[in-house]
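Engineer: Predicted structure and sequence below. I'll ask about it afterward.
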Amino acid sequence: MDQPVQRVCPHCARISYESGARCPYCGHSFKRGSGLVGMAVLLALFALVVLGGMFLMLVAAGNEADRKLDREVSRVQRNLNDQFDQIQGNVREELDKRLPEATPTP
Ligand SMILES: [Zn+2]
């Protein structure tokens, strides 16, 4: 912990080994620059986390919607098949009723 930190002053570009908040040569504050950078990094991380979370939520919602759509589509298809079968049966009955049993061909 007590090891001196080697820092380069962003203002005068001299290396200082003091742990103070200011450069011992020019008095420029180390804190402000690094603080801003830290803030930017934090903001970027925050944005990344938020965006990542939103992306994951969207993906999850999309998957759920896809599953629902799949279920819905297969249900509709089953219904259509049933109805088609019914119609076919009705038509056949109707045809059977209307057609004479034996069609005499001349
Ligand atoms: Zn300096």
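Structural biologist: Alright, I've got the coordinates.

Engineer: Give me every residue in the chain lying close to the ion.
Structural biologist: Counting by Cβ under 5 Å from the ion, the residues of the chain lying close to the ion are 9, 11, 12, 23, 25, 26, 28. All C-beta atoms are positioned from the backbone trio N, CA, C, and that covers glycine.

Engineer: mind putting the residues you listed in TSV, pLDDT included?
Structural biologist: Formatted as TSV, the residues of the chain next to the ion follow (pLDDT from 0 to 100):
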residue	pLDDT
9	86
11	85
12	92
23	87
25	90
26	92
28	84
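
Engineer: And those residues, which of them are buried?
Structural biologist: Buried subset of those (neighbour count, 16 or more other Cβ atoms under 10 Å): 9, 23, 28.

Engineer: just checking, the second one touches residue 9?
Structural biologist: So the one you mean is residue 23. Yes - Residue 23 sits in contact with residue 9 when judged by Cβ atoms under 8 Å, with a separation of 4.0 Å.

Engineer: Which neighbours do those two have in common?
Structural biologist: 16, 30 (Cβ atoms under 8 Å, 6 or more residues apart in numbering).

Engineer: Strands of the chain, start to end?
Structural biologist: Here the chain has its strands, by DSSP state E, at 7-8, 15-16.

Engineer: next one: the last one to chain centre, how far?
Structural biologist: Relative to the centre of its chain, strand 15-16 is centred 46 Å away, using Cα atoms, centre = their mean, to the nearest Å.

Engineer: so how far is residue 85 from the residue nearest to the spatial centre of the chain?
Structural biologist: Central residue of the chain (Cα atoms, centre = their mean): residue 55, 2.7 Å from the mean position. Residue 55 sits 45 Å away from residue 85, going by Cβ to Cβ, to the nearest Å.
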